[in-house]
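A.B. asks: Pasting a predicted model and its sequence here:
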Amino acid sequence: MKEKQILAIDVSKRSLDICVRPAGTTFKISNDLSGFKVLTAAISPDLDPLVVMEHTGLYSFQLEKYLEGQGYLIVRSLHLKSSAPMGWFGARTTRSIPYGSPSMPGLGGHNSYRPQNHRKVTRLNQLLSLRAKLVKDCGGYKARIKEMLDTELISKSDLIYKLQRTVMTTLNSQIQKVEKEIEVLIETDPELKKNFDLIRTIKGVGKIVAARMLAVTSNFKSSAMPESLTAMPVWPLLNMKAEPASGDDQG
């Protein structure tokens, strides 16, 4: 078995700070294709490469896609941290996040992990994020109208009321379009659909909550450590109660 070469990456918008173990070298590259090529050039052919990085959404997306295309193993530090003993990791710095990772119990047994359905899960995240923003905006208008009516600042015949109701109607229409797109995305992917249907068998779990569980777990394939999956049926339900779009429970 080859010795591992650990490449610890701290991601920011324009640059990547990298520390290489066991060599202990550090360097900075640009967060673009030219920088990614410098990164892969630093990987030793005599070692088994393992990339440990923060998952920062948009800032890390291109790097993740590039590394996935190159066939490299990616272990997102968030999932390692969630499974590590308390106090394993120190302050949030480039050095402290990855250094404990190579010796974590059980890590060596998960070298076959590869991100799956990366683009579809990313798309699902984007749609859910958009829906959340639309729901928040719609709720804001609803609360504002109610307050104005309750304090008799306006009446239902007032232009201010009518315009805001029109905006709410438009937002609700857009929310429904986004939800339809989410449904189509899941229905057209057998793996997503299978897990989605399984989640929906849990009493009280609606479509949006189920979709969010797929998104935050990358269809239950993003955790490098199996222990981190044990809480999955519980913690998303505690933190992801669906927001109804217009007073009806659509979760």
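C.D. replies: Arrived safely, thanks for sending.

A.B. asks: Residue 65 - how many residues pack around it?
C.D. replies: 15 (other C-beta atoms under 10 Å). Just so you know, the C-beta spots here come from the backbone N, C-alpha and C atoms, and that holds for glycine as well.

A.B. asks: And it, how close does it get to residue 36?
C.D. replies: Shown here: residue 65 relative to residue 36, a distance of 10 Å by C-beta to C-beta, to the nearest Å.

A.B. asks: where are the low-confidence patches of the stretch 101-250 of the chain?
C.D. replies: Scanning the stretch 101-250 of the chain for pLDDT under 70 picks out the ranges 101-118, 222-250.

A.B. asks: where along it do the helices fall?
C.D. replies: For the stretch 101-250 of the chain, helices defined by DSSP state H, counting those that start in this stretch occupy the ranges 118-150, 159-187, 190-200, 207-216, 235-239.

A.B. asks: Please identify the most buried of the ones you listed.
C.D. replies: Of all the helices of the stretch 101-250 of the chain, helix 207-216 carries the top mean neighbour count, a mean of 22, counting by mean count of other C-beta atoms under 10 Å.

A.B. asks: helices or strands next to that one in the packing?
C.D. replies: With contacts defined as 3 or more C-beta pairs under 8 Å, 6 or more residues apart in numbering; DSSP states H and E, the packing partners of helix 207-216 are helix 118-150, helix 159-187, helix 190-200, helix 235-239.

A.B. asks: just so I know, which of these lies nearest residue 46?
C.D. replies: helix 118-150 (28.3 Å; C-beta to C-beta).

A.B. asks: tell me the secondary structure for the spatially closest residue to residue 122 that is not a sequence neighbour?
C.D. replies: Distance criterion C-beta to C-beta, 6 or more residues apart in numbering; nearest residue to residue 122, sequence neighbours excluded, is residue 61 at 6.6 Å. Following DSSP: H, G, I helix; E, B strand; the rest coil, the label given to residue 61 is helix.

A.B. asks: Near the nearest residue to residue 147 once chain neighbours are set aside, how many other residues are there?
C.D. replies: In this structure, residue 147 finds its nearest non-sequential neighbour in residue 153, 8.0 Å apart by C-beta to C-beta, 6+ apart. Residue 153 has 11 neighbours, counted by other C-beta under 10 Å.

A.B. asks: Quick check: the gap between residue 153 and residue 169.
C.D. replies: Taking C-beta to C-beta as the measure, residue 153 falls 21 Å from residue 169.

A.B. asks: same thing with residue 148?
C.D. replies: Separation of residue 148 from residue 169 (C-beta to C-beta): 17 Å.

A.B. asks: next one: residue 124
C.D. replies: 26 Å.

A.B. asks: got it, and residue 221?
C.D. replies: 39 Å.

A.B. asks: Output the helices and strands packed on helix 207-216 as CSV; include the columns distance to residue 20.
C.D. replies: Shown next, in CSV, are the helices and strands packed on helix 207-216 (distance: least, C-beta to C-beta, whole Å):
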stretch, distance to residue 20
helix 118-150, 25
helix 159-187, 38
helix 190-200, 34
helix 235-239, 34
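
A.B. asks: could the helices of the stretch 101-250 of the chain be laid out in JSON lines, adding distance to residue 69?
C.D. replies: Listed next are these as JSON lines, based on distance: least, C-beta to C-beta, whole Å:
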{"stretch": "helix 118-150", "distance to residue 69": "10"}
{"stretch": "helix 159-187", "distance to residue 69": "22"}
{"stretch": "helix 190-200", "distance to residue 69": "20"}
{"stretch": "helix 207-216", "distance to residue 69": "22"}
{"stretch": "helix 235-239", "distance to residue 69": "29"}
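
A.B. asks: mind checking which of these is nearest residue 40?
C.D. replies: Across those, closest to residue 40 is helix 118-150 (C-beta to C-beta), at 17.9 Å.

A.B. asks: All good on my end, thank you.
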